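**Student:** For reference, the sequence and a predicted model appear below.
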Amino acid sequence: MIIGGGAAGLAAAVSAGEFCKNSALDVEVAVFERDDRVGRSILATGNGRCNVSNVRAGADAASSFHNGEFVARVLGLLGARAATADGAGDQCRSDGLLRSADPVFCFFSDRGLAFREESGGRLYPAANKATSVLDVLRAAARRAGVVECCGRCVKAVEPPRTPSGRFTLRMADGAFERADAVVVAVGGRALESLSVEGVRVLSPRPVLGPLRTDPAWTRELDNIRLRCKASLVRTDRSGKRRVIAPSVAGEVLFRKYGLSGIVVYDLSRFARAGDAVELNMLGCDASEARFELRRRRERLSHVFGGDGITCDDMMRGLVLPQIGRVVLKRCGLSGKSACSDAVLDALSATLSAFSFEVQGMGDADLCQVRRGGIDVASVSDRDLQALGVPGMFFAGEALDVDGPCGGYNLHWAWGSGLVAGRAVARFSIGGRS
Ligand SMILES: Cc1cc2nc3c(=O)[nH]c(=O)nc-3n(C[C@H](O)[C@H](O)[C@H](O)COP(=O)(O)OP(=O)(O)OC[C@H]3O[C@@H](n4cnc5c(N)ncnc54)[C@H](O)[C@@H]3O)c2cc1C
C-alpha cells in the first residue's frame, strides 16, 4: 500500500507495480490518496509547467541536498540497478528532445515523456505542462495494474503486532485497512497529522520560500524586482562575520514583509533569525564600486558642468528610483546631498552589500518544501526501509531531505519513490515465498 499519490507515491507505485507484473506475481499495489484525485501537488509545480528534474541533480546530490550523503547513496542504488537490471543507464533510449543517462530521466523517457532543458540545467516536459508528466505517470501505473484509491485519508500506520501479522492503516473516517507492506509518501506538510509508529519524526518547518526581514527597508519596494547577487551572512557573538551561503546571481523580488525570488528561496534553506541577506546591487565589490562611482561623478560633472552633482543625480539611471531612495535612506543621505568622497564611500558600501536582517520565514504557504520529517537515521540507505519496522518504507519529502530550487526536490521525490517502490515489491514477494 502506497500512502500518498503525489510525486514520490506515484513513482513508487509504478516501480512496485511493474516489478510485480514483470515477476508474474499476484501482488496488488494500491495508492491511498486523501485528495479526490492523485497528482494534484505535481500539477502545482513549476507554475504549472513542472520543473521535473535538473541535469545536475544526480551528480550533485551530496553537495546540493540537506542530508546529501544519504541522498547520494539512495540515488546511487537506482543508477546501479538501472544499468545492470534493465539495460538502461548510460545507453538510455530516449525519443525526446534530450538524452541523458540519469535513471530518473530514463524512467520518464522510457515511459514516453519528452524533455526540454532550460537555464541552469532545469528539465521541463517538452509539452511545457505539468499535466503531461502526470499523464505519463498515471498511464504507466494503470498498465502496471496499480489501483488508485482517492478520498482515503490515512490517520495512523500501525506495524504488525506479530511476525506474521499485517500493517493496520487507520483511516480518517474511522475505517481501517490491512497491508503486507507500506510506503509512506505523504509529503512534508502532512506528517504532523499522520501517526507513524517506529520511526523518529523531526518537527517539519517550512523552507525554500520568502524571508521576513525588517519591513522598514522593503515596504516601499513591494513588487519590485532587482537583478543582483545575494549571499547569506551570519555574525557570531564575538562579532565575527561568516558567509553561510556564498553570493549567487539572480532576481530578488521585494515584498512588503521582506525578500522573495528564487535566489532568496535558496538562501532560506540555510537562514535563521539574526542572519543577514546581503544584496550586491552593482555586482562588484565595494572598492570597485567606489572606483566606478567616482568615475560616474566625473562623467556627470563633465556633461552637466560644475561640481554640483547630487545623490539624486548619482542614483538616477543607476537603479530604480524607489531603490535609490531606500539606499539613500540607509546611508542617512538626502537626494540633494552633494556627492563628496565620503558620500560616495557610503553609497558604494551600501550598493555592494545592502544588508537585510532576517527575522524568519516570510510566508509559510509559499514555501515549496518542509525541512524535517522522518529522520534519515531511522531509515536504511539501502532500500529506504525503517530500521526498526520491516515492511515500512519511505519516499520523497516525508523524509528529512530537501534541495534547492531548479528541479532538485522533484528529482528526489521520483528517485526515492523508484527505490522504495522496487524495495516494497521485493519485500512483499519475499514475504509470500
Ligand atoms: C508551489 C510549489 C511549486 C513547486 N515547484 C517545484 C518544481 O517545479 N520542481 C521541484 O523539483 N519541486 C517543486 N516543488 C517541490 C515539490 O513539489 C515537492 O518536493 C514534491 O512534490 C514532494 O513530493 P512528495 O510526493 O514527497 O509529496 P507531495 O507531492 O506533497 O505528495 C504527497 C501526497 O500525499 C497525499 N497525502 C498527504 N497526507 C495524506 C494522508 N494522510 N493520507 C493519504 N494521502 C495523503 C497528498 O494529498 C499528496 O497527494 C514545488 C512545491 C510547491 C509547493
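**Tutor:** The structure has been received and is ready for your questions. Quick caveat, the model's predicted, so the values are computed rather than measured. Numbering: from 1, shown residues only.

**Student:** going forward, measure contacts between C-alpha atoms and count neighbours the same way
**Tutor:** OK.

**Student:** Got the phi and psi for Gly388?
**Tutor:** Backbone torsions for Gly388, taken as degrees, to the nearest 10, come to phi -100, psi 0.

**Student:** Tell me the confidence at it?
**Tutor:** We have a pLDDT of 90 for Gly388.

**Student:** Check the gap between Ala423 and Arg325 for me.
**Tutor:** 59 Å (Cα to Cα, to the nearest Å).

**Student:** Which of those two has more residues huddled nearby?
**Tutor:** Taking neighbours as other Cα atoms under 10 Å, Ala423 and Arg325 compare with Ala423 leading, 23 against 20.

**Student:** Tell me how far Glu117 lies from Asp135.
**Tutor:** Distance of Glu117 to Asp135, given as Cα to Cα: 20 Å.

**Student:** Tabulate the CA atom coordinates of the helix or strand encompassing Ala139 in PDB.
**Tutor:** Using DSSP states H and E, Ala139 maps to helix 130-143. The C-alpha trace of helix 130-143 is given here as PDB (Å, rounded to 0.1, in the frame of the first residue of the first chain):
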ATOM      1  CA  ALA A 130       2.700  19.600 -15.700                       C
ATOM      2  CA  THR A 131      -0.300  17.600 -16.900                       C
ATOM      3  CA  SER A 132       1.900  15.700 -19.400                       C
ATOM      4  CA  VAL A 133       4.100  14.400 -16.500                       C
ATOM      5  CA  LEU A 134       1.100  13.300 -14.600                       C
ATOM      6  CA  ASP A 135      -0.500  11.700 -17.700                       C
ATOM      7  CA  VAL A 136       2.700   9.600 -18.300                       C
ATOM      8  CA  LEU A 137       2.800   8.500 -14.700                       C
ATOM      9  CA  ARG A 138      -0.800   7.500 -14.400                       C
ATOM     10  CA  ALA A 139      -0.800   5.700 -17.700                       C
ATOM     11  CA  ALA A 140       2.300   3.700 -16.600                       C
ATOM     12  CA  ALA A 141       0.600   3.000 -13.200                       C
ATOM     13  CA  ARG A 142      -2.600   1.800 -15.000                       C
ATOM     14  CA  ARG A 143      -0.600  -0.600 -17.200                       C
END
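
**Student:** So which elements touch it?
**Tutor:** helix 7-22, helix 40-43 (3 or more Cα pairs under 8 Å, 6 or more residues apart in numbering; DSSP states H and E).

**Student:** Please repeat the previous calculation with a cut-off of 10 Å.
**Tutor:** Packing partners of helix 130-143 (3 or more Cα pairs under 10 Å, 6 or more residues apart in numbering; DSSP states H and E): helix 7-22, helix 40-43, helix 103-110, strand 122-125, strand 147-150.
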